[in-house]
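J.: Provided below are the primary sequence and the corresponding predicted coordinates.
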Amino acid sequence: MNIEYPARELLANLPTPLQALDRISETFSYPYNGPRIWVKRDDLTESAMSGNKLRKLEFIIAEAKAQGCDTLITCGGEQSNHCRATALAAAKAGLQAHVLLRASRNSDAGALTPDGNLLVDYLAGARVSLYPLKEYLSRLPTLFEEWRAHYLQQGRKALCIPTGGSDGLGIWGYIAGAEEVIADCRGQGFEPEYLVCATGSGGTQSGLSLGCQLLGVSTQVTGYAVCDDEAYFLRKVAQDVADWEARYPNAVVDGFTFDTQRVAVIDDYIGPGYAMATEEIYQSIALLAQQEGLLLDPVYTGKAFHGLLNEIKRGRYRDCKNLVFVHTGGQFGIFPQRAGFKSSWAEK
């Protein structure tokens with residue numbers, strides 16, 4: 001199927017590599033009869049803007065420019081990968097970024113020493129508004145509207161971007177991503193039985209799921225939840241696809257119906273909560289770094305890969321030949337959680 005894409009701002013270095021993780025695959029092939037694990041290196045979409053968010057931002061920024069916007073307002077946690085990528089992408093595109101952040105504790109920007117993604121937000125010149133957890137959760141839609149009105153009063157126009165850029169516009173990033181990874185795999189002589197990703201705001205899984213169905217492949221997309229439960233993400237994927245269908249009715253091919261029954265989410269590896277990891281998750285991150293030289297983060301990719309390894313042990317992927325893990329980036333999130341890795345650098 002030929003997919004007609006809307007306008008996009010070229011920001012990412014595409015296509016990203018598809019690499020086999022043969023050492024880790026061998027470790028889990030016996031006695032679990034696990035698959036050959038491949039990794040789609042979307043952590044390499046760009047150096048500092050890196051990660052899955054950049055694919056979405058290519059379409060979001062193009063839409064912002066088409067609407068005559070000069071400012072991007074978005075939101076996320078204190079260490080949001082999406083907000084960091086938005087801040088840098090906006091700078092590259094000549095736009096202003098304003099990030100509304102959920103504080104991890106009762107603090108304000110003046111009292112906080114920036115680290116990780118937050119430090120990059122400031123370096124990129126983004127305006128940072130840091131809110132206590134309760135205020136952020138209770139007032140987020142109002143905050144967006146207040147800041148939109150603030151810029152309008154200044155004669156400026158802002159585009160408001162939801163968490164993770166995950167909606168019917170941002171979904172285009174991983175419709176294109178699905179098309180790319182399936183082409184990568186075919187170039188290696190196989191069609192993957194599974195695509196696996198971390199699921200945090202839902203947009204990446206939505207795009208991969210929709211993209212695979214549009215392409216007519218049987219590949220199963222499975223998201224490993226890092227925050228909300230399975231029921232939430234099943235609804236979120238369906239909502240994102242419905243939003244896409246409403247926004248782009250001409251993109252929907254006659255006779256195509258998105259099959260919500262093919263959406264799969266595993267929510268057993270969230271740990272204590274969003275952005276909180278367990279010792280086992282930190283150990284899985286260290287294992288991959290030591291066996292493959294590949295860095296994951298404890299918020300998204302580390303949890304998902306830890307879950308994947310455990311599900312291989314439980315036999316979920318028994319007799320599967322090829323599985324692709326989509327590395328969605330997030331390495332800046334390692335540094336604020338450095339204390340969790342203490343056992344990894346202790347003398348052995």
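T.: The structure has been received and is ready for your questions.

J.: pull the longest helix from this structure.
T.: helix 133-153 (DSSP state H).

J.: show me what the helix or strand just after that helix packs onto, helices and strands only.
T.: Following helix 133-153 in sequence order, the next helix or strand is strand 158-160 (DSSP states H and E). For strand 158-160, the elements it packs on are helix 52-66, strand 71-77, helix 133-153, judged by 3 or more C-beta pairs under 8 Å, 6 or more residues apart in numbering; DSSP states H and E. Quick note: C-beta positions are derived from backbone N, CA and C, even for glycine.

J.: how about 6 Å then?
T.: strand 71-77, helix 133-153 (3 or more C-beta pairs under 6 Å, 6 or more residues apart in numbering; DSSP states H and E).

J.: run the chain-centre distance for it.
T.: 20 Å (C-alpha atoms, centre = their mean, to the nearest Å).

J.: who's in contact with it?
T.: 64, 69, 71-73, 144, 148, 151 (C-beta atoms under 6 Å, 6 or more residues apart in numbering).

J.: and T113, what's its pLDDT?
T.: At T113, the model reports a pLDDT of 78.

J.: let me know how buried it is, in neighbour terms.
T.: 7 (other C-beta atoms under 10 Å).

J.: measure it to Y122 for me?
T.: For T113, the distance to Y122 equals 11 Å [C-beta to C-beta, to the nearest Å].

J.: helices of this protein, start to end?
T.: Going by DSSP H, the chain shows helices at 22-29, 52-66, 81-93, 116-123, 133-153, 172-187, 203-215, 230-247, 279-292, 301-313, 342-345.

J.: mind putting those in a markdown table, distance to P6 and mean pLDDT included?
T.: Formatted as a markdown table, these follow (distance: least, C-beta to C-beta, whole Å; pLDDT from 0 to 100):
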| stretch | distance to P6 | mean pLDDT |
| --- | --- | --- |
| helix 22-29 | 38 | 90 |
| helix 52-66 | 6 | 98 |
| helix 81-93 | 16 | 97 |
| helix 116-123 | 27 | 94 |
| helix 133-153 | 23 | 97 |
| helix 172-187 | 6 | 98 |
| helix 203-215 | 14 | 97 |
| helix 230-247 | 9 | 97 |
| helix 279-292 | 36 | 95 |
| helix 301-313 | 28 | 96 |
| helix 342-345 | 44 | 76 |
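
J.: CSV for those, including mean neighbour count and distance to R262?
T.: Shown next, in CSV, are the helices of the chain (neighbours: other C-beta atoms under 10 Å; distance: least, C-beta to C-beta, whole Å):
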stretch, mean neighbour count, distance to R262
helix 22-29, 16, 25
helix 52-66, 25, 20
helix 81-93, 26, 26
helix 116-123, 21, 33
helix 133-153, 14, 31
helix 172-187, 22, 13
helix 203-215, 27, 7
helix 230-247, 18, 10
helix 279-292, 18, 27
helix 301-313, 24, 18
helix 342-345, 11, 37
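
J.: distance to I3 added to those helices, as JSON lines?
T.: Compiled in JSON lines, the helices of the chain are given as follows (distance: least, C-beta to C-beta, whole Å):
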{"stretch": "helix 22-29", "distance to I3": "31"}
{"stretch": "helix 52-66", "distance to I3": "13"}
{"stretch": "helix 81-93", "distance to I3": "23"}
{"stretch": "helix 116-123", "distance to I3": "32"}
{"stretch": "helix 133-153", "distance to I3": "30"}
{"stretch": "helix 172-187", "distance to I3": "6"}
{"stretch": "helix 203-215", "distance to I3": "6"}
{"stretch": "helix 230-247", "distance to I3": "12"}
{"stretch": "helix 279-292", "distance to I3": "32"}
{"stretch": "helix 301-313", "distance to I3": "26"}
{"stretch": "helix 342-345", "distance to I3": "42"}
